[in-house]
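> how does the following fold in three dimensions:
(chains A, B and C)
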Amino acid sequence: MANITEKLSKLFPQATIEGENTPVMTVPAAQWHDVARTLRDNVELKFDYLVTIVGMDWTENLGCIYYLMSTDADIIIGVKVLAEGERSMPVLPSVADLWNVAVTYEREVYDFFGIVFLNNPDMRRLFLNIDWKGFPLRKDYDEDPALNPVSTESERQTDFTDVYTRSDDGKIVKTPRRIFEKEEFVVNIGPQHPATHGVLRFRTAVDGETIKKIDVYCGYIHRGIEKLCETLTYPQTLHFMDRMDYFSAQNYHHALCMLYEKAAGIEISRRAQVIRVMMDELSRIASHCLFIGTYCMDLGATTMLFYTLRVREQILDIMEKTCGARMTFNYDCIGGVMQDLAPDFQDDVKALLKVLPANLKEYNDIFTGNVIARNRLEGVGHLTREDAISYGITGPSGRASGWACDMRKLQPYSIYPELDFEEVVMTEGDSMARFKCRMKEIEESAKILEQLVDNIPDGEYCVKVPKMLKLPAGSWFQVTEGCRGAFGIYLESDGSTKPYRLKLATPCLPQACVVDHITRGQKIADLITIGGSLDYIVPDIDR
Amino acid sequence: MEVTTKSMPYEAWKDNEYIEKLVKELQESGTNVVVGSLDKLINWGRSNSIWPLTFATSCCGIEFVSLGAARFDMARFGWEVARSSPRQADFMMVAGTIVHRMVPVFRRLYDQLAEPKYVIACGSCAISGGPFRKSYHVAKGIEDIVPVDVFVPGCPPRPEAMIYGIMQLSRKIKVEKFFGGVNRQEKQKEFLAAHPIEGVED
Amino acid sequence: MQDFSLITSWIDNSLRSLMPGWLTVTVECLLIGVGLLLVYSLLALFYIYYERKLCAAFQCRLGPNRVGPFGLLQSFADMFKMLIKEIIHLDHIDRFLFGLAPYLVIAASVMAFAVLPWGNGLQVIDFNIGIFFLIAVSSIGVLGILLAGWSSNNKFTLIGSLRSGAQMVSYELSIGLSVLTMVCLAGTMSVGGIVAEQENLWFIFKGHIPAIIAFVIYMIAGTAETNRGPFDLPEAESELTAGYHTEYSGIHFGFFYLAEYLNLFVVSGVAALLFFGGWMPLHFPGWDAFNHIMDYIPSVVWFLGKAFVLSFIIIWFKWTFPRLRIDQLLALEWKYLLPINLVNLVLMVLIIVFNWHF
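Here you go, the predicted structure:
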């Protein structure tokens, strides 16, 4: 780590660098675009993956922290940039030309903090209505419901977006840009549509059956979790993790608990660690099973859903016996887990592992080998490795494109380094690869479970933690692996019992935004194939 | 008048008082609840064939999928014909949070449903906003947006609870009257008059 | 073997003795019309139940079992509800065409009913170009679907109906050619004639290889013709919400819903007629005792049984296979089925000319 700090300070002598685990470098806004280019293109550093952009409001000024990762060296750094200009119109240079995913992340920051990014080709709000008043994540946001009432009036629909540029005399100029031409045949797919897996909306320009362009609208289930977290104590914030990506409930819970424990310096018992990892892997199997089922249903093979749900129900039974719930478990807590394992947990897991191979074989027989399925999936929605990195597509979808992005391997946490499992990486990058990748991950997760099921150590399942947990002032960033990809959490604490800022960088947002890129020129039916194979969960996109 | 359900004893229902009160209210308001045989036939048809609209926003939607799967199998009751087009559905299971941006869409979906239409508020988010009640972007319950027939609490409700909820809806349909004073529709009209869509005139 | 023509001619004679000829014809037409509609609706309701139960069995579920014994009354309940459901009146649509479309669709399948050989002597009309008539009327259905999609003024329905237009026009060819293959073998276009030809042996055995090829092609094309999975693109749920009938509600939607199931019956009925002898019991030349036993089973049971078994296969397709994409669907027809069909026709003619069939 000292190595990277040295390198950075040599390259950017004007920047200040602090932090140990994840160094954070502060650069002035005027230089940011050049620094970013160097960070991405420098042969030694090569920070080609933009993990997230954390918008911040430090009350006296606004700004962003960009988290970058080098896919070769597995190093994460943060770059802190303060916005220029008045609070009414703070500006930052856009890095959308360097990382494709930045277009979306910058829109998100604009939506929440009102920071305008110069030269971003699409500076609209991302989650909130275009006529929303105020920027909700600013500390001085007026939450008066009269300002933004619940309205049954349809939202204003426009075919234009704004681009902000700086003119030669230093003024900020706003120019409208057309998204859809007047004569284009635009079909509105969603928000209520069976194929969008929730309430996502695609405005799709089609030419016959061929897709010309897609404009993604999110926010139909934006629940403001990040803002809510700022009003709750640390243990209270945990339960939101169940309700974002509800299939990765255990994994997200695990991630946030780990971050709090790291911040508070709490050491948890090995028993709790093992239980957490087992629960993570169980939910991964359940999640991928449901993916296979719903995906096949989208493609018309309805019966598969019922076969995969059979396995999922079995896993839910195991979880229910221990956690007491079918979906929102709220099982991991700061210091360990809520309750001890159910007495027959080990037998149940063994029974599951016994039936799993036969079930997987059945799925392969019914679907993977089917000639229609192969015609529908193979070569459809091709995503190259470079694009996957640039668009920030992590998880099984990214690994199907040849990018080894499993955070369990890259940023090892908990007991994963001790476990023997393989990272499934495929090179085809099409829908079939994404499908198969998840199939194989089920096998790998089963492998992890097999290693652990007989080796659950004795000990306490939860260490004593003060009821009103206070974290020291400071900031932490951590990336873990959910069922759908890299889940990053940024936490800033001011020393009180509530987080000052909690940013949840979920894997599904970039996945929804890449749809436009990989569906161009494909058929309408392929939109379903591609969207399904990316496997995004809409509440995880919108939070 | 007892509202009976096949292979379910009357005492097994937890809230018979409510349906008895409903029947009593109807009788007091002059509606003849002891309905004619044609009404009975129609109500038999309606109460036994409630097709859901595939509509889900979040976690509860997944439990709704489980409800259709082999373990809970809502097909036993004839509810499995989930229609994607609101014109052909009978009820809307509001499974999940309704946020500001979704409200106009949601209301439009409700308006697109063909009469007789019913709404089940499923899960605490749909009932009151649930854990997100204090958020800046969440509607505090769907009761202000559309008239609701049945509330199913839970976060998310278990599939069993959903079955119970839909069966309750089926019971409510059984005491409806098709000819003459239509009790439900009048309430609905009152509601719609009190909650007009801004910018749209009927 | 029972002959239903005895009953029908008795009714005809007794009516003729009571009233003048023109009135007899009118009364008989009315009777047949009422009878057909009754059979039509009952069959449709049965088919809905049949599919729901079958689908449940494939998916390890129970299926409807609460309404009536074994859930038998489930589809009746659905029908009652659909009859009194609101029909939504839309603005900015072509009202006449919008109203006409469901009736066109239903008329196509009712007319196809007229020539199906229900049993020995139980057929509404048996004329010399029966099978030709059947193909002609069943293609009226596509008109209804096109109109439905076009007049709804909705982008989803428009895409759905255009897909269905392309699909049905293409697959009509395959159906036509495989029917033609069998007509060559039968030497007649009359439905009664085709059935009579199979008295000794069903065509699927008699015509062996080309007949089996024609059967497979007919089943594929027939599934496509009825818009059922894996060819259900016009109403692909996950792509186009409900396809061409998205905007229809109440009984208008009910018509589309019933017609879908009835087309399934018509397609399997025609397959039964062409390949499995219609109402003709299973006969093998030389096996007299066997043939005699088979004759005890009523001809109506034979016909319905064959149709149900063939529909079972089509339903099985639907719940197993994923959906094709529109370009793959058309490629399948034009690049594979059509050439195979043409070669098969030549093969059949050769077999007939050289008398190589059984």
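
> measure the residue in the stretch 51-200 of chain C positioned nearest to chain A to residue A:363 for me?
Ranked by Cβ to the nearest Cβ, the top residue of the stretch 51-200 of chain C for proximity to chain A is residue C:59, at 4.0 Å. Where you see a C-beta, it was placed from the backbone N, CA and C, and this is true even at glycine. Separation of residue C:59 from residue A:363 (Cβ to Cβ, to the nearest Å): 14 Å.

> neighbour-wise, which of those two wins?
Neighbour count, other Cβ atoms under 10 Å in any protein chain shown: between residue C:59 and residue A:363, residue C:59 has more, with 24 against 20.

> got the phi and psi for that one?
Backbone torsions of residue C:59, given as degrees, to the nearest 10, read phi -100, psi 20.

> list the residues that contact it.
Residue C:59 is in contact with A:302, A:303, A:306, A:307, B:70, C:319, counting by Cβ atoms under 8 Å, 6 or more residues apart in numbering or on different chains.

> the helix or strand that contains residue A:5: what's the following helix or strand?
Secondary-structure assignment from DSSP states H and E places residue A:5 in helix A:2-11. Counting by DSSP H and E, the next helix or strand C-terminal to helix A:2-11 is strand A:16-18.

> whatever helix or strand comes next after that next one packs against which elements?
Following strand A:16-18 in sequence order, the next helix or strand is strand A:24-27 (DSSP H and E). Under the contact criterion of 3 or more Cβ pairs under 8 Å, 6 or more residues apart in numbering or on different chains; DSSP states H and E, strand A:24-27 touches strand A:16-18, strand A:75-82.

> out of the ones you listed, which gets nearest to residue A:333?
Closest to residue A:333 of these is strand A:75-82 (Cβ to Cβ; 26.4 Å).

> residues near residue A:172, how many?
By other Cβ under 10 Å, 13 other residues sit near residue A:172.

> which bits of chain A sit near chain C?
Contact residues (Cβ under 8 Å from any Cβ of the partner chain) of chain A with chain C: A:185, A:187-188, A:193-195, A:206, A:209, A:296-303, A:306-307, A:310, A:366-367, A:370, A:372-373, A:375-376, A:523-528.

> likewise chain B?
B:6-7, B:41-42, B:44-46, B:48-49, B:69-70, B:73, B:75-78, B:80-81, B:83-85, B:87-88, B:90, B:112, B:114-116, B:178.

> any idea of the pLDDT on residue 154?
By default, I'm working from chain A. With respect to pLDDT, residue A:154 scores 78.

> sorry, should have said chain C
Note for residue C:154: predicted pLDDT of 81.

> let me see the contact set for the residue lying closest to it once chain neighbours are set aside.
What sits nearest to residue C:154 in space, not counting adjacent residues and going by Cβ to Cβ, 6 or more residues apart in numbering or on different chains, is residue C:247, at 5.5 Å. For residue C:247, the contact set (Cβ under 8 Å, 6+ apart) comprises B:85, B:87, C:88, C:90, C:93, C:98, C:152, C:153, C:154, C:157.

> let's verify the second one: helix, strand, or coil?
Assigned state for residue B:87: helix (three-state reduction, DSSP: H, G, I helix; E, B strand; the rest coil).

> narrow the contacts of residue C:59 to those in strands?
Cross-referencing those against strands under DSSP state E gives no overlap.

> which among the residues you listed count as buried?
A:302, A:303, A:306, A:307, B:70, C:319 (16 or more other Cβ atoms under 10 Å in any protein chain shown).

> looking at those residues, which is nearest residue A:162?
Nearest to residue A:162 among those: residue A:302, at 43.4 Å, using Cβ to Cβ.

> list the contacts of that closest one.
Residue A:302 makes contacts with A:296, C:55, C:59, C:319, as judged by Cβ under 8 Å, 6+ apart.

> and the first one, its phi and psi?
Read that as residue A:296. Dihedral angles (degrees, to the nearest 10) for residue A:296: phi -60, psi -40.

> that one and residue A:304 touch, don't they?
Yes: if you go by Cβ atoms under 8 Å, residue A:296 and residue A:304 touch, sitting 3.6 Å apart.

> overlap in contacts of the two?
Here residue A:296 and residue A:304 have residue A:367 as joint contacts, going by Cβ under 8 Å, 6+ apart.

> can you tell me the SS state at the residue nearest to residue C:154?
coil.

> where do the strands of chain B begin and end?
Using DSSP E, strands in chain B cover B:52-53, B:91-95, B:118-122, B:150-152.

> per-residue confidence for whichever residue of chain C sits closest to chain B?
Using Cβ to the nearest Cβ, residue C:80 is the residue of chain C that sits closest to chain B, at 2.8 Å. What the model reports for residue C:80 is a pLDDT of 83.

> which residue is the nearest non-sequential neighbour of it?
Leaving aside its sequence neighbours, residue C:80 sits nearest to residue B:45 (Cβ to Cβ, 6+ apart; 2.8 Å).

> what pLDDT does the one you found get?
Reported pLDDT at residue B:45 in the predicted model: 82.

> just want the angle from the longest helix anywhere in chain B to strand B:91-95.
Longest helix in chain B, counting residues (DSSP state H): helix B:159-174. On the basis of axes from the mean of the first three to the mean of the last three Cα atoms, to 10 degrees, helix B:159-174 is oriented at 150 degrees to strand B:91-95.

> what comes up buried for helix B:159-174?
Within helix B:159-174, the residues that count as buried by 16+ other Cβ under 10 Å are B:159, B:161-174.

> repeat that for stretch A:140-157.
Neighbour counts over stretch A:140-157 (16+ other Cβ under 10 Å) mark A:141, A:148, A:150, A:151, A:152, A:155 as buried.

> hang on, the fifth one in a helix?
No: going by three-state DSSP, the assignment for residue A:152 is coil, not a helix.

> quick one: list the elements packing against the helix or strand hosting residue C:312.
In this assignment (DSSP H and E), residue C:312 forms part of helix C:299-320. The contact analysis (3+ Cβ pairs under 8 Å, 6+ apart) places helix C:299-320 against helix C:21-58, helix C:208-225, helix C:250-275.

> go again with 10 Å.
helix A:303-323, helix C:21-58, helix C:208-225, helix C:250-275 (3 or more Cβ pairs under 10 Å, 6 or more residues apart in numbering or on different chains; DSSP states H and E).

> could you check the longest one against chain B for contacts?
This points to helix C:21-58. Yes: against chain B, helix C:21-58 shows contacts by Cβ under 10 Å from any Cβ of the partner chain at C:48, C:52, C:53, C:55, C:56.

> I'd like the next helix or strand past the helix or strand harbouring residue A:511.
Element membership of residue A:511, judged by DSSP H and E, is helix A:508-513. Next in sequence after helix A:508-513, counting helices and strands by DSSP H and E, comes helix A:515-519.

> number of nearby residues for the residue in chain B that chain C sits nearest to?
Chain B approaches chain C most closely through residue B:45 (2.8 Å), counting by Cβ to the nearest Cβ. As a burial measure, residue B:45 scores 22 neighbours (other Cβ under 10 Å).

> contacting residues around residue 5?
Using chain A. Contacts for residue A:5 (Cβ atoms under 10 Å, 6 or more residues apart in numbering or on different chains) come out as A:17, A:18, A:19, A:20, A:23, A:25, A:77.

> not quite, go with chain B.
Here residue B:5 is in contact with B:12, B:13, B:47, B:167, B:168, B:170, B:171, B:174, C:66 (criterion: Cβ under 10 Å, 6+ apart).

> do the same with residue A:126
Contacts for residue A:126 (Cβ under 10 Å, 6+ apart) come out as A:103-112, A:216-219, A:222, A:509, A:513, A:541-542.

> all set, thanks.
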